[in-house]
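Asker: build me a model from this:
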Amino acid sequence: MIHTTHTLRVRYGETDPMKYVYYGNYAEYLEVARVELFRTLGISYDEIEKRGIWLPVSEYKIKYLKPAFYDEILEIHTYVRKVPGVKIEFEYEIYNDSEQKITEASTTLFFLDATTNKVSRCPDFLMELIQKNWKE
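Answerer: Numbers count the residues shown, from 1 in each chain. Purely as a prediction, here's the structure:
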């Protein structure tokens, strides 16, 4: 398993008139956390793309347990619990600054060869980083 934690502060423009985080912004929060997970593995998302691999999202699920509010600090826990094949699955838990879990989510991305536009297996360079950082 791989686990990382990323924090961010809710900005005013991300909220609705009730000062709740607008539901559509959670997808961006998860993307930020996912990109940071790759960075902690030792590679940037940009570098993955430069090596000819794209990672489109094929599935996105989310369960809102409680709202997040303007100016709160959110802690996003990101997990990869399965070794990737042609797809990589991420699970997320978001906690507010009172340490209450407010959101559960998952995304599935697949590996796409940027040259051929065909689905491929997880590239060796990325698999090596995943295995190096894998914890039971």
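
Asker: tally of neighbours for Lys101?
Answerer: Burial measure for Lys101: 13 neighbouring residues, criterion other CB atoms under 10 Å. Where C-beta positions appear, they are placed from N, C-alpha and C, glycine not excepted.

Asker: repeat that for Arg34.
Answerer: For Arg34, the number of neighbouring residues by other CB under 10 Å comes to 23.

Asker: ok, it to His77 distance?
Answerer: Here the criterion is CB to CB, to the nearest Å. By it, Arg34 lies 12 Å from His77.

Asker: also Thr40?
Answerer: To His77, Thr40 is 12 Å away according to CB to CB.

Asker: what of Trp134?
Answerer: Distance, Trp134 to His77, using CB to CB: 17 Å.

Asker: between the two, which has more neighbouring residues?
Answerer: His77 (15 against 11).

Asker: in three-state terms, label that one for me.
Answerer: For His77, the assignment made with DSSP: H, G, I helix; E, B strand; the rest coil gives strand.

Asker: what is the closest residue to it other than its chain neighbours paired to in the beta sheet?
Answerer: Closest residue to His77 in three dimensions, ignoring its sequence neighbours and counting by CB to CB, 6 or more residues apart in numbering: Glu93, at 4.5 Å. Note on Glu93: beta-bridge partners by DSSP bridges are His77, Glu104.

Asker: what about Glu93, how many neighbours?
Answerer: If we define neighbours as other CB under 10 Å, then Glu93 has 16 of them.

Asker: just how off-centre is the lengthiest helix in the chain within its chain?
Answerer: When secondary structure is assigned using DSSP state H, the longest helix within the chain turns out to be helix 25-41. Here helix 25-41 is found 4 Å from its chain centre; the criterion is CA atoms, centre = their mean, to the nearest Å.

Asker: then stretch 97-105?
Answerer: Averaging C-alpha coordinates over stretch 97-105 and over its chain gives two centres that are 15 Å apart (CA atoms, centre = their mean).

Asker: all set, thanks.
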